[in-house]
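# predicted structure and sequence below. I'll ask about it afterward.
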There are 2 protein chains.
Amino acid sequence: MSEIDILVSEVGPRDGLQSLSTVLPTATKLDWIRAQAAAGCREIEVGSFVPPKLLPQMADTAEVVAAALKIPDLTVAVLVPNLRGAENALATGAHKISIPFSVSETHSLKNVRRSHEQMFEEVARIAERVREVEPDRRPHFEAGLSTAFGCTLEGPVSEDLVVQSAERLMEAGVAEVGLSDTTGYANPGQVRRLIRKVRAAVGDEHVTGVHLHNTRGLGLANALAAIDEGITTIDSSLGGIGGCPFAPGASGNIVTEDLVFMLEAMGLRTGIDVEKLLEVRSILRQALPDEPLYGFVPDAGTPKGFNTDLNTAA
Amino acid sequence: MSEIDILVSEVGPRDGLQSLSTVLPTATKLDWIRAQAAAGCREIEVGSFVPPKLLPQMADTAEVVAAALKIPDLTVAVLVPNLRGAENALATGAHKISIPFSVSETHSLKNVRRSHEQMFEEVARIAERVREVEPDRRPHFEAGLSTAFGCTLEGPVSEDLVVQSAERLMEAGVAEVGLSDTTGYANPGQVRRLIRKVRAAVGDEHVTGVHLHNTRGLGLANALAAIDEGITTIDSSLGGIGGCPFAPGASGNIVTEDLVFMLEAMGLRTGIDVEKLLEVRSILRQALPDEPLYGFVPDAGTPKGFNTDLNTAA
């Protein structure tokens, strides 16, 4: 595999599909995941281990993980809300397990019905199980700091609380914390400031990724701000599908197509072929004929002479 | 008037309206211009002095300028394609006169039927007329470097040619040059690099503004990159209407509503009240019922608790 500068982590099969009413067949999910991996995508969050009653869209996650693990050079990531989900995830051998932690306690109580203290305890229990896995099979366990940039229920979220939450989660045993703009409230100044503060508290190597939304059109500007601060993993979703179903009005992940175009145009290598990526969209279009798909590059196409030396000259 | 950090220059009444087939009545244009000035907008490009046969949408520009000049604290800007247009503009007393110069000569020949050398001569003739105006009534005369980031006809545009064009235009007598992403090809790395190069060649004080498009969704990321480099004037258009009618597929100005939200959220003062600005949109909606209006903030609204100390804390 060639070197990359920025890891674009596709979260559509999880964050995208969980917010839609349509339940995508397992075979279609795998068509999508395989096509996107073939376009050069190195990491895909393929599902979430939540009770099927709550999110029937994710009921086949174990099966999807098993098939995705056979795709070469792909990091298979999953989301878990609690210990039970983590145990299911560990059983599948997924490479990466993420747990969302809502810095807004109101959002936490509403989303997973747990207080902050209960969440720290749950994370510590999961971390213990993760440590029991043999080192060569042990997944990367990280926590996402949801609502880090503001909450639709509480409004502004204290930056000190974000930093303290990051510290407590690291103490509880996660390998890394990510910053999530669950609500699409972030602005580039805030992104820069918060990354600096959290990195200063827990170490640069423990804050390498951000999950940003495009709710107010600032997704790519915020991604640029994050990259300027040294962030190397950016979550996004094909066609921009998805968002948090429990944060009203907070839809709209960053569009993978536009993000990859921006990075590649800047000369930052993602490993992803933009033209091939644009073709993957047709799988989604066919599977979800009634869902809006977002993105500007899919409509406008790449510029004439894209990726020539002139565009990316240093 | 209060101090501002970034001047958001509204180009909708010119760049927006000239690309639509609908001809807006003069009274409606003035309703829009007055409402947007009342929302705090300090500069509006109200029209363009082009032959009415070519662009009937702009036929009332002299009348619009005359009325706009009566609005307090508003810089009234106009576009001119040539000496004839500049003479008309000078007769109205507009505060600011811009002439587009296509760095892509193919685009120049197609757009204004003039070669680069012919354009330099034309600019010199206009500069002479501008200098004849008494100092206290003399407008600010600037040239916009169109297709500076690439051309739909030529593809990549040489950065050296952009720098040389800027130098020649300054020699010809403009007070300032701006960088225009006419085609929506720019990426943030290129924006930073080109601003640095052109500023190094002609002086920071002679490159203060950029005109960016959102064709590929990178408009706000590019604006952020420009601001990082010290740019203080950003063009945008309400509802994102417009683009260049002679650059196929190159529609989509930066949306004023989203730009102002981003800047204000970052604590950069624009003088514009976001909520009042969002209300101006209804004038456009009513006047142009069949035209698509763009923007994310108009749909999502401002975040809960927007503009509190927490969001903009340094």
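Perfect, I can see it now.

# hmm, the helix or strand harbouring A:Val210 touching chain B?
In this structure, A:Val210 sits in strand A:209-211 according to DSSP states H and E. No - Strand A:209-211 stays out of contact with chain B when judged by CB under 8 Å from any CB of the partner chain, the minimum separation being 14.3 Å. In short, each C-beta sits where N, CA and C put it, glycine included.

# same check on stretch A:281-295?
Yes - for stretch A:281-295 and chain B, the contact criterion (CB under 8 Å from any CB) is met by A:Gly295.

# mind listing what's buried in that stretch?
A:281, A:283-284, A:287-288, A:291, A:294-295 (16 or more other CB atoms under 10 Å in any protein chain shown).

# who's in contact with it?
By CB atoms under 8 Å, 6 or more residues apart in numbering or on different chains, the residues outside stretch A:281-295 that reach it are A:12, A:20, A:22, A:24, A:28, A:31-32, A:35, A:214, A:238-241, A:252, A:255, A:257-258, A:298, B:217.

# which residue ranges of the stretch 51-200 of chain A form strands?
Along the stretch 51-200 of chain A, counting by DSSP state E, counting those that start in this stretch, strands occupy A:75-79, A:96-102, A:140-146, A:176-180.

# quick one: strands adjacent to the second one?
Here strand A:96-102 has these sheet partners by DSSP bridges: strand A:75-79 (parallel), strand A:140-146 (parallel).

# now these as JSON lines including mean neighbour count and mean pLDDT?
Shown next, in JSON lines, are these (neighbours: other CB atoms under 10 Å in any protein chain shown; pLDDT from 0 to 100):
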{"stretch": "strand A:75-79", "mean neighbour count": "25", "mean pLDDT": "98"}
{"stretch": "strand A:140-146", "mean neighbour count": "24", "mean pLDDT": "98"}
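
# picking that back up, ok, of the buried residues of stretch A:281-295, which one's closest to chain B?
Comparing the buried residues of stretch A:281-295 against chain B with CB to the nearest CB picks out A:Gly295 as the nearest, at 6.8 Å.

# please name the nearest non-neighbouring residue to the closest one.
The shortest distance from A:Gly295 to any non-neighbouring residue, by CB to CB, 6 or more residues apart in numbering or on different chains, is to A:Val255 (4.0 Å).

# I'd assumed A:Ser236 was in contact with the one you found.
Yes - shown here, A:Val255 and A:Ser236 form a contact pair, counting by CB atoms under 8 Å, at 6.5 Å.

# what does the stretch 51-200 of chain A put close to chain B?
Applying CB under 8 Å from any CB, one finds that the stretch 51-200 of chain A approaches chain B through A:150-159, A:183-185, A:187-190, A:193.

# follow-up on the earlier one: of the buried residues of stretch A:281-295, which belong to helices?
Among the buried residues of stretch A:281-295, the members falling in helices (DSSP state H) are A:281, A:283-284, A:287.

# export those to a markdown table and tack on distance to B:Lys304 and pLDDT?
What follows is these, written out as a markdown table (distance: CB to CB, whole Å; pLDDT from 0 to 100):
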| residue | distance to B:Lys304 | pLDDT |
| --- | --- | --- |
| A:Arg281 | 33 | 97 |
| A:Ile283 | 36 | 97 |
| A:Leu284 | 31 | 96 |
| A:Ala287 | 34 | 95 |
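
# how far does stretch A:272-283 sit from the chain's center?
Offset of stretch A:272-283 from its chain centre (CA atoms, centre = their mean, to the nearest Å): 19 Å.

# got it, and stretch A:31-45?
Using CA atoms, centre = their mean, the offset of stretch A:31-45 from its chain centre is 14 Å.

# okay, buried residues for that stretch please.
Buried residues in stretch A:31-45, counted by 16+ other CB under 10 Å: A:31-37, A:39-45.

# pairing partners for A:Phe141 in the sheet, please.
Beta bridges link A:Phe141 to A:Ile97, judged by DSSP bridges.

# my read: A:Ala77 touches A:Arg42, true?
No - applying CB under 8 Å, one finds A:Ala77 not in contact with A:Arg42, separated by 10.7 Å.

# so which of the buried residues of stretch A:31-45 are in helices?
Checking the buried residues of stretch A:31-45 against DSSP H, those in helices are A:31-37.

# also within reach of chain B: list those from these.
Of those, not one also sits near chain B (CB under 8 Å from any CB).

# quick check, nearest of those to B:Glu87?
When those are compared for distance to B:Glu87 (CB to CB), A:Gln36 wins out at 57.5 Å.

# quick check: pLDDT value at the closest one.
A:Gln36 is assigned 98 on the pLDDT scale.

# now do the one 5 residues further on
Per-residue confidence for A:Cys41 comes out at a pLDDT of 98.

# before we move on, what about A:Asp299?
At A:Asp299, pLDDT is 89.

# the spatially closest residue to A:Glu10 that is not a sequence neighbour and chain B, how far apart?
Excluding its sequence neighbours, the residue lying closest to A:Glu10 (CB to CB, 6+ apart) is A:Ile44, at 4.5 Å. Using CB to the nearest CB, to the nearest Å, A:Ile44 is found at 22 Å from chain B.

# give me the contact list for the lengthiest helix in chain A.
Ranked by residue count under DSSP H, the longest helix found in chain A is helix A:116-132. Under the contact criterion CB under 8 Å, 6+ apart, helix A:116-132 has outside partners A:80, A:82-83, A:86-87, A:90, A:97, A:99, A:101, A:105, A:108, A:112, A:114, A:138-139, A:141, A:143, A:165, A:168-169, A:172-174.

# for the closest residue to A:Pro13 other than its chain neighbours, what are its contacts?
Excluding its sequence neighbours, the residue lying closest to A:Pro13 (CB to CB, 6+ apart) is A:Val46, at 5.0 Å. Contacts here follow CB under 8 Å, 6+ apart; on that basis A:Val46 touches A:13-14, A:29, A:33, A:61, A:64-65, A:68, A:76-78, A:94.

# mind checking the SS state of A:His8?
Small correction: residue A:8 is Val, not His. strand (DSSP: H, G, I helix; E, B strand; the rest coil).

# give me the beta-bridge partners of it?
Beta-bridge partners recorded for A:Val8 (DSSP bridges): A:Ile234.

# any idea how far it lies from B:Gly12?
Distance from A:Val8 to B:Gly12, counting by CB to CB, to the nearest Å: 34 Å.

# could you do A:Gln286 as well?
From A:Gln286 to B:Gly12 the distance is 37 Å (CB to CB).

# and for A:Glu121, the neighbour number?
Each residue near A:Glu121 was counted by other CB atoms under 10 Å in any protein chain shown, and the total is 14.

# any idea which residue sits dead centre in chain A?
Nearest to the mean C-alpha position of chain A, counting by CA atoms, centre = their mean, stands A:Asp235 at 4.0 Å.

# quick one: neighbours of the closest residue to that one other than its chain neighbours, just the number.
Leaving aside its chain neighbours, A:Asp235 sits nearest to A:His211 (4.1 Å; criterion: CB to CB, 6+ apart). Other residues within reach of A:His211, judged by other CB under 10 Å, total 26.
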